[in-house]
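Participant: Here is a sequence together with a model predicted from it:
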Amino acid sequence: MAGMRFIMNAGRTSKQGQQINIGKDHAEYQAIVNTLTMHPEDMKALQIPPGGTVRVRTEYGEATFQCKEGKVPQGMLFVPYGPPTCRLMGGSTDGTGMPTSKGWEVEVEPVGTEAGS
């Protein structure tokens, strides 16, 4: 199955902030930053089961995430900042010191599922 295009937004979550005290190498923190939230209808269109793995590509790189259903608009994705999102960012900061992390156009495809295998 070919990938579908989405708009992805990255940001910090309160749970992520709580876990930072434990450390970024801890399993709970890694689980947070490696989880992508997608609208249930978009998951159905891509035949991704809850907890399924997806590959996200931008013009700068790619990363894999565990996928979960959530309250995001159809056609939009949310991912907490972390090492996987860094692989998707370009280097331009437009003078802000922080690379653009909102409104990325990305391609998403299932990985290792019956539909994507």
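Facilitator: Yep, it's here.

Participant: tell me which element Asp42 is part of?
Facilitator: helix 40-46 (DSSP states H and E).

Participant: Buried residues, that helix. List them.
Facilitator: For helix 40-46, a neighbour-count test (16 or more other CB atoms under 10 Å) marks Asp42, Met43, Leu46 as buried. C-beta here means a position set from N, CA and C on the backbone, and glycine is covered the same way.

Participant: Find the nearest non-adjacent residue to Val111, please.
Facilitator: Thr53 (4.5 Å; CB to CB, 6 or more residues apart in numbering).

Participant: Ok, Gly103 next?
Facilitator: Closest to Gly103 by CB to CB, 6+ apart is Ile7, at 5.8 Å.

Participant: Can you verify that neighbour is assigned to a strand?
Facilitator: Yes. Applying DSSP: H, G, I helix; E, B strand; the rest coil, one finds Ile7 inside a strand.

Participant: That one reaches Gln74, doesn't it?
Facilitator: No. Ile7 is beyond contact range of Gln74, at 10.4 Å (criterion: CB atoms under 8 Å).
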